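# Test case, fold it:
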Amino acid sequence: MAELVWAVRHEGALDAGDLLDRRTRLGLVPEDRAVALPAAERVLREHAGRGGPSR
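As a prediction, the model looks like this:
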């Protein structure tokens with residue numbers, strides 16, 4: 001979770017797709033993406049005011 005927060009605060013992740021696919025690579029494996037998506041959306045809502053649908 002800390003890596004997700006870092007990516008939002010310091011790397012400017014724009015949405016869940018950006019966060020999972022580009023900033024952390026968690027989105028590359030569909031099963032991992034499905035598990036990580038709710039946490040990514042929560043981090044975006046709490047730390048960037050975003051958390052809408054991912055790409």
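# Please count neighbours and contacts with C-alpha atoms only from this point.
Fine.
# Show the secondary-structure elements that the helix ranked longest in the chain is packed against.
Longest helix in the chain by number of residues (criterion: DSSP state H): helix 30-48. Here helix 30-48 touches helix 2-11, helix 16-17, going by 3 or more Cα pairs under 8 Å, 6 or more residues apart in numbering; DSSP states H and E.
# Can you say which of those is packed in most?
With neighbours defined as mean count of other Cα atoms under 10 Å, the helices and strands packed on helix 30-48 peak in mean count at helix 16-17, which reaches a mean of 24.
# That one: how far from the chain's middle?
Mean-position distance between helix 16-17 and its chain equals 5 Å (Cα atoms, centre = their mean, to the nearest Å).
# about what we covered before: redo the helices and strands packed on helix 30-48 as TSV? Include distance to residue 31.
Formatted as TSV, the entries for these read as follows, by distance: least, Cα to Cα, whole Å:
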stretch	distance to residue 31
helix 2-11	18
helix 16-17	14
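# okay if I get those as a markdown table plus distance to residue 47 and mean pLDDT?
As requested, the helices and strands packed on helix 30-48 are exported to a markdown table (distance: least, Cα to Cα, whole Å; pLDDT from 0 to 100):
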| stretch | distance to residue 47 | mean pLDDT |
| --- | --- | --- |
| helix 2-11 | 7 | 94 |
| helix 16-17 | 12 | 95 |
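# and the spatially most distant residue from the centre of the chain, what is it in contact with?
Most distant from the centre of the chain: residue 31, at 14.8 Å, with distances by Cα atoms, centre = their mean. Taking Cα atoms under 8 Å, 6 or more residues apart in numbering as the definition of contact, residue 31 has no neighbours.
# so what's it scoring on pLDDT?
Residue 31 is assigned a pLDDT of 97 by the prediction.
# Which residue comes closest to residue 40 once chain neighbours are left out?
Sequence neighbours aside, residue 16 is the residue nearest to residue 40 in space, at 5.7 Å (criterion: Cα to Cα, 6 or more residues apart in numbering).
# Apologies, that question was intended for residue 7.
In space, not counting the residues next to it along the chain, residue 7 is nearest to residue 13; the distance is 5.8 Å by Cα to Cα, 6+ apart.
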